[in-house]
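K.L.:
pasting the structure only:
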């Protein structure tokens, strides 16, 4: 019986989606699922849902729950991380404090001041996971779903657990949308082929073809028609037009990764991308999911027995059965993308089978893409180094390096912004010395 441990097991809807995905594979129906969370009430709510799935499908699987991280990790074959340290309260301050200084985040969980401070809150937990795994399950594969994706994955690797892959769903999700816009029939989507390479959320389709034909000219020819129906897509079509490639991540989130789209409210309005879109969306989604979970617990919800597009279950299936799988993963850059810094975390095609996970060599990405991606990589590295050294100065320098923040704020303004962020996160930095 293989053991899959969820750290952040209180995230009922997402965890049960991944569990259900796994149980749709015959080879994974006898898994042992361990749920771990610091919130016992949310944790046992998820446990009840997983038990319901097992009972309704009459599966040989088992589940247990604990608030003890070390016990949860002991003997684990797979560890899935789905945590948000600080919750919605800190997510809110991550957004509103930068806004005081003119930095207008849409999501702010992966880059910019909010993401750096989310890493400050999360890295100690990731370090604890790595330390525990070293002693109780050193060969476990960690699948990280938590943001900031690239920084968290880098932090786990740096903490001494290199068997880690970060997973997102933007690359495998967006190409279907692009194919539909270009006029590809639904029953021919499998004839659309693509390659991508970059970093999480700043990853672009390097190639996108349908029956061997480049889809980019077709998309540009339909640009006005598409924007009339989807006006918020102005950001991504601008990137296609000016950088030559379409990004995988959605338009609201994508707008905060460069200095061009959110210089002020007027510019953001021009591109139809909302400030604090992510926080507001996630709050509404959380309320809806909470209601859905309660319906499931009450037996009032009908659950579809089908797989989601999340990669997690497919990876476990490939490793356990040997069935080959291609997926996009966030992994350590060992010359996979040759014109981005080594020892960064990059998002590239990966192959998985019974022998393990093998990231694919991409080579150079177009320099206009690399120049944008590299800026973010140095933010990642400065932020992680700042946390390890407990250095407020390095954290400030990381946020100075963020393309959007630097395009809006002066250096003294950034210093004041960072001081406010430290004050809002005081309980996480009590042992940090004042900036030298």
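P.N.:
On my side now, so go ahead. Note that the structure is a prediction, hence the values are computed from the model and not measured.
K.L.:
contact partners for residue 262?
P.N.:
When contacts are counted by Cβ atoms under 8 Å, 6 or more residues apart in numbering, residue 262 touches 104, 106, 255-256, 268, 271, 273, 275, 404. All C-beta spots, glycine's among them, are computed from the backbone N, C-alpha and C.
K.L.:
equivalent analysis for residue 188, please.
P.N.:
residue 210.
K.L.:
could you redo the last one with a cut-off of 7 Å?
P.N.:
Residues near residue 188 by Cβ atoms under 7 Å, 6 or more residues apart in numbering: none.
K.L.:
what pLDDT does the model give it?
P.N.:
Note for residue 188: predicted pLDDT of 95.
K.L.:
what about this structure, any weak spots by pLDDT?
P.N.:
The chain contains residues with pLDDT under 70 at 300-305, 436.
K.L.:
tell me the centre residue of it?
P.N.:
residue 149 (4.2 Å; Cα atoms, centre = their mean).
K.L.:
so who does that one touch?
P.N.:
Residues counted as contacts of residue 149 (Cβ under 7 Å, 6+ apart) are 110, 166, 168, 200, 330.
K.L.:
and the residues you listed as TSV, adding neighbour count, secondary structure and distance to residue 319?
P.N.:
Compiled in TSV, these are given as follows (neighbours: other Cβ atoms under 10 Å; DSSP: H, G, I helix; E, B strand; the rest coil; distance: Cβ to Cβ, whole Å):
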residue	neighbour count	secondary structure	distance to residue 319
110	26	coil	27
166	27	strand	16
168	24	coil	19
200	30	coil	22
330	24	strand	17
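K.L.:
show me where this protein has its strands.
P.N.:
3-7, 32-36, 62-66, 78-81, 141-144, 164-166, 192-199, 202-210, 213-214, 325-332, 345-353, 356-359 (DSSP state E).
K.L.:
of those, which approaches residue 372 most closely?
P.N.:
Proximity to residue 372 (Cβ to Cβ) singles out strand 202-210 among the strands of the chain, at 6.2 Å.
K.L.:
mind listing what's buried in that closest one?
P.N.:
By neighbour count on 16 or more other Cβ atoms under 10 Å, the buried set for strand 202-210 is 202-206, 208, 210.
K.L.:
quick one: which of the contacts of residue 149 is nearest residue 288?
P.N.:
Distances from residue 288 to the contacts of residue 149, taken by Cβ to Cβ, are shortest for residue 168, at 21.7 Å.
K.L.:
ok, now how distant is the closest one from residue 298?
P.N.:
32 Å (Cβ to Cβ, to the nearest Å).
K.L.:
equivalent analysis for residue 190, please.
P.N.:
Taking Cβ to Cβ as the measure, residue 190 falls 39 Å from residue 298.
K.L.:
likewise for residue 306?
P.N.:
From residue 306 to residue 298 the distance is 22 Å (Cβ to Cβ).
K.L.:
repeat that for residue 209.
P.N.:
Counting by Cβ to Cβ, the separation of residue 209 from residue 298 is 48 Å.
K.L.:
cool, residue 100 as well?
P.N.:
For residue 100, the distance to residue 298 (Cβ to Cβ) stands at 43 Å.
K.L.:
neighbour count: these two, which is higher?
P.N.:
Neighbours were counted for residue 100 and for residue 298 using other Cβ atoms under 10 Å; residue 100 has more, 11 against 8.
K.L.:
what separation do you get for that one and residue 297?
P.N.:
Look at residue 100 and residue 297: by Cβ to Cβ, they are 41 Å apart.
K.L.:
same thing with residue 188?
P.N.:
Taking Cβ to Cβ, one finds residue 188 at 41 Å from residue 297.
K.L.:
output the longest helix belonging to this structure.
P.N.:
helix 112-136 (DSSP state H).
K.L.:
tell me what angle it forms with strand 32-36.
P.N.:
Put simply, helix 112-136 runs at 130 degrees to strand 32-36, going by axes from the mean of the first three to the mean of the last three Cα atoms, to 10 degrees.
K.L.:
shift numbering so it begins at 47
P.N.:
In the new count, where the first residue is 47, that last one comes out as helix 158-182.
K.L.:
so how far is helix 158-182 off the chain centroid?
P.N.:
Averaging C-alpha positions (Cα atoms, centre = their mean, to the nearest Å) puts helix 158-182 15 Å from its chain's average.
K.L.:
quick check: buried residues in it?
P.N.:
Buried, per 16+ other Cβ under 10 Å, within helix 158-182: 158-169, 171-173, 175-179, 182.
K.L.:
other SSEs contacting that helix?
P.N.:
helix 115-119, helix 133-146, helix 195-204, helix 413-435, helix 438-446, helix 449-454, helix 457-470 (3 or more Cβ pairs under 7 Å, 6 or more residues apart in numbering; DSSP states H and E).
K.L.:
between it and helix 133-146, what angle do the directions make?
P.N.:
150 degrees.
K.L.:
how many other residues sit next to the closest residue to residue 411 other than its chain neighbours?
P.N.:
Leaving aside its sequence neighbours, residue 411 sits nearest to residue 243 (Cβ to Cβ, 6 or more residues apart in numbering; 5.1 Å). The tally of other residues near residue 243 (other Cβ under 10 Å) stands at 27.
K.L.:
I'd like the distance between residue 243 and residue 435.
P.N.:
Distance from residue 243 to residue 435, by Cβ to Cβ: 31 Å.
K.L.:
just list whatever residues bridge to the closest residue to residue 260 other than its chain neighbours.
P.N.:
Among residues not flanking residue 260 along the chain, residue 254 sits closest, at 7.1 Å (Cβ to Cβ, 6+ apart). Counting by DSSP bridges, residue 254 forms beta bridges with residue 240.
K.L.:
check contacts around residue 464.
P.N.:
With Cβ under 7 Å, 6+ apart, residue 464 has these contacts: 441-442, 445.
K.L.:
same list (those) but as TSV, adding distance to residue 424 and neighbour count.
P.N.:
As requested, the contacts of residue 464 are arranged in TSV below (distance: Cβ to Cβ, whole Å; neighbours: other Cβ atoms under 10 Å):
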residue	distance to residue 424	neighbour count
441	13	27
442	14	23
445	12	28
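K.L.:
now, which of those sits nearest residue 471?
P.N.:
Set against residue 471, the nearest of these by Cβ to Cβ is residue 441 (10.3 Å).
K.L.:
how about the closest one: what's its closest non-neighbour residue?
P.N.:
Leaving out its chain neighbours, residue 441 is closest to residue 432 (Cβ to Cβ, 6+ apart), at 4.1 Å.
K.L.:
which ones are touching the one you found?
P.N.:
Residue 432 makes contacts with 440-441, 444, as judged by Cβ under 7 Å, 6+ apart.
K.L.:
and it, how far from residue 139?
P.N.:
Noted for residue 432: a distance of 19 Å to residue 139, by Cβ to Cβ.
K.L.:
who's in contact with the residue nearest to residue 411?
P.N.:
Contact analysis of residue 243 by Cβ under 7 Å, 6+ apart lists 249, 252, 383, 394, 408, 411.
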